[in-house]
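**Student:** Structure, please.
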Amino acid sequence: MRCAIYARYSSDRQNDRSIEQQVRNCRKRARERGWTITEEHIYADRAVSGTSAEGRDALHQLLRAASKRPRPFDRVLIDDTSRLARNKLDLFQSVEELKDAGVFVHFVSDNIDTEDETTQDVILPVFGIKDALYSRDLAKKTKRGMEDQVLQGYNPGGKTFGYRYEPVLDPSGARDRSTGLTRRLGTAISVDPEQARAIKLIFALYADGYGLKAVAAALNEQGIEPPAAQDKRNRGNPNPTWCPHAIRVMLQNTKYIGDWTWNKNKYVRKRNTGKRVRVERPKDDWVEHKDPKLAIIDQDTWNAVQARFAGNSRRYVRGNPTPRNHYVMSGLLKCGVCGASYVVVRGSNSENIVYGCSFNWQRGHKACPNNVRIRKADIEDRVLTALRERVLNPDVVQILVEKVNEAIEEEQQSAWGERDKIDKRIASVTREIQNLVGYVARTGEVSAAIQQSLKQKEIELAGLNVQFEEYRNRRAAKKIRVEPPRISDWLKRLQDLITTDPLAARQDIAGLIGRLTAMPATQDGKAGVMLIGQPKLEGILGIIGGASNLSNGGGRI
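**Tutor:** Sure, this is the predicted structure:
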């Protein structure tokens, strides 16, 4: 029995030792049962909540691995049900997905195994409900503690740009039983003078008529550090800059006028997308807390800024949003200087649409010096020409097809020999199973060792049959033929889609060359961009011979 392991912890008070303990418990159970741990299939999600499957990369890797053929493991060992999920729907969905792949789950501490249908149908739902109720009860207790912190004037959690946060220790010197350190009563909040100057500048500029982009550019030009600048550097961004969206949020944050009312909103996670959506709570649930000492902005400046927001809102029709324009190259272009996306920066109709680097446009020259703009018509024409002359060029296509067909021939020859080896092993394992069954029939002995041996042979036989089918399909794979009409038809269709269905045209281009990098360049004394892309093999082959040729007979190129 080949076993994978999955472990998870969610609290910032835990650490990797929690993962080690869970893995150790799983290894111990494997030794007790005589199972084998597949060392390359040990997965762990660190500091990730179990209330949703969103953001749990290791869990998704585990599920993808389980679906591979041949199957790399037969069981997943997990310390307890809450490690897999604290949401009963996610728990059942993950278990079902693994079961469909032929993989069962063994929960060590709970001593339940999904191979037992009674366990899955009766016991597992009970544990799922228990874990969900625990999560809700914990959330209620946490909320009560946060409310108490607010009423005492302490920070309930999170940090806002413009303020300092300092721990307040118990003056009696009492120790925390869990850490052994002096007990912390809460976190005191005070104004950070340097950050407060940036906040005042933001409000002053916007009140004076600057737009959000102009405010961001001004801050970046002056070299003022944006929120969490050092954290962004630590994550690999050497030049953190201000963005219009962050400034918009700040301009509407009531904390800057000393209103720290808490519990105004709650966040609800949508089941279909996994995203958290903010919903305003009833006013009766609000915990009011106003502290003039924490005000950075005076009331008059605040009122002027909010009046401008209200005036901007009235310019747009509410209830009937204007349909968004969709352009072929949106999402397919990125700046070669800073890596940001190219977006539409100017134009009101399809004739005068212009693309530019989003960082340069929204954040200014300091964020990205690439101020080169590209006309929509020009870039679409250049891309279509490049596809016709460079990617789907007859000479290039012919060489590519020859190379691919050579690879198919080599694969078929290899598959023939491997299939024969597997066929012989299938016959051998089948005889071994028949001998074991015959022995039991003659002697009536059904010891644990015989049962275990028979089960292992049956699992091996199932895996061999899957491998045999895979190699048979490889042997049956057909070679690709060049069909020039397909290429010309595809190009003509793409040219029509650019004007009739930009979203479909974008999808076709993305399938063929992915994203393009726009690098500033000069030609004949004129500034422009050089577009760099990497054609996709599977996309080209799909156009050449039809998508069905890529996988007919079950093979894959």
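
**Student:** What pairs with the longest strand that the chain contains, parallel or antiparallel?
**Tutor:** As assigned by DSSP state E, the longest strand anywhere in the chain is strand 36-46. Paired neighbours of strand 36-46 in the sheet (DSSP bridges): strand 2-9 (parallel).

**Student:** Return the distance of the partner strand from the chain's centre.
**Tutor:** In terms of C-alpha atoms, centre = their mean, to the nearest Å, the centre of strand 2-9 is found 21 Å from the chain centre.

**Student:** on that earlier part again, go through the longest strand of the chain and flag the buried ones.
**Tutor:** Within strand 36-46, the residues that count as buried by 16 or more other C-beta atoms under 10 Å are 37, 41-45. For glycine as for every other residue, the C-beta is placed from the backbone atoms N, C-alpha and C.

**Student:** okay, who's weakest in the residues you listed by pLDDT?
**Tutor:** Least confident entry in the buried residues of strand 36-46, by pLDDT: Asp45, with 88.

**Student:** So what's the gap between the strand or helix carrying Glu402 and the chain middle?
**Tutor:** Element membership for Glu402, per DSSP states H and E: helix 394-443. Helix 394-443 has its C-alpha centroid displaced from the chain centroid by 36 Å (C-alpha atoms, centre = their mean).

**Student:** and the next helix or strand after that helix, what does it pack onto?
**Tutor:** The element immediately downstream of helix 394-443 (helix or strand, assigned by DSSP H and E) is helix 448-476. Judged by 3 or more C-beta pairs under 8 Å, 6 or more residues apart in numbering; DSSP states H and E, helix 448-476 is in contact with helix 394-443.

**Student:** can you give me the angle the helix it packs on makes with helix 448-476?
**Tutor:** Per axes from the mean of the first three to the mean of the last three C-alpha atoms, to 10 degrees, the angle that helix 394-443 makes with helix 448-476 is 150 degrees.

**Student:** Does anything pack onto helix 394-443? Which helices or strands?
**Tutor:** Packing contacts for helix 394-443, counted by 3+ C-beta pairs under 8 Å, 6+ apart, involve helix 448-476, helix 537-545.

**Student:** so what's Ala58 up against?
**Tutor:** 6, 8, 43-45 (C-beta atoms under 8 Å, 6 or more residues apart in numbering).

**Student:** Including distance to Trp260, could these go into JSON lines?
**Tutor:** Shown next, in JSON lines, are the contacts of Ala58 (distance: C-beta to C-beta, whole Å):
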{"residue": "Tyr6", "distance to Trp260": "41"}
{"residue": "Arg8", "distance to Trp260": "34"}
{"residue": "Tyr43", "distance to Trp260": "41"}
{"residue": "Ala44", "distance to Trp260": "38"}
{"residue": "Asp45", "distance to Trp260": "34"}
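
**Student:** just to revisit the earlier point, Throw the helices and strands packed on helix 394-443 into JSON lines and include mean neighbour count and distance to Asn263, thanks.
**Tutor:** Putting these into JSON lines (neighbours: other C-beta atoms under 10 Å; distance: least, C-beta to C-beta, whole Å) gives the following:
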{"stretch": "helix 448-476", "mean neighbour count": "15", "distance to Asn263": "54"}
{"stretch": "helix 537-545", "mean neighbour count": "18", "distance to Asn263": "51"}
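
**Student:** So which of the ones you listed is nearest Tyr256?
**Tutor:** Each of the helices and strands packed on helix 394-443 has some distance to Tyr256 by C-beta to C-beta; the shortest is helix 537-545, at 50.7 Å.

**Student:** Can I get that closest one in CSV? Just the C-alpha atoms.
**Tutor:** C-alpha atoms of helix 537-545 as CSV (Å, rounded to 0.1, in the frame of the first residue of the first chain):
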residue,chain,number,x,y,z
LEU,A,537,4.0,23.9,-29.9
GLU,A,538,0.6,22.4,-29.0
GLY,A,539,-1.1,25.5,-30.5
ILE,A,540,0.7,25.3,-33.8
LEU,A,541,0.1,21.6,-34.1
GLY,A,542,-3.6,22.0,-33.3
ILE,A,543,-3.9,24.4,-36.2
ILE,A,544,-1.8,22.4,-38.7
GLY,A,545,-3.6,19.1,-38.4
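
**Student:** tell me which strands and helices it is in contact with?
**Tutor:** Packing partners of helix 537-545 (3+ C-beta pairs under 8 Å, 6+ apart): helix 394-443, helix 484-500, helix 502-513.
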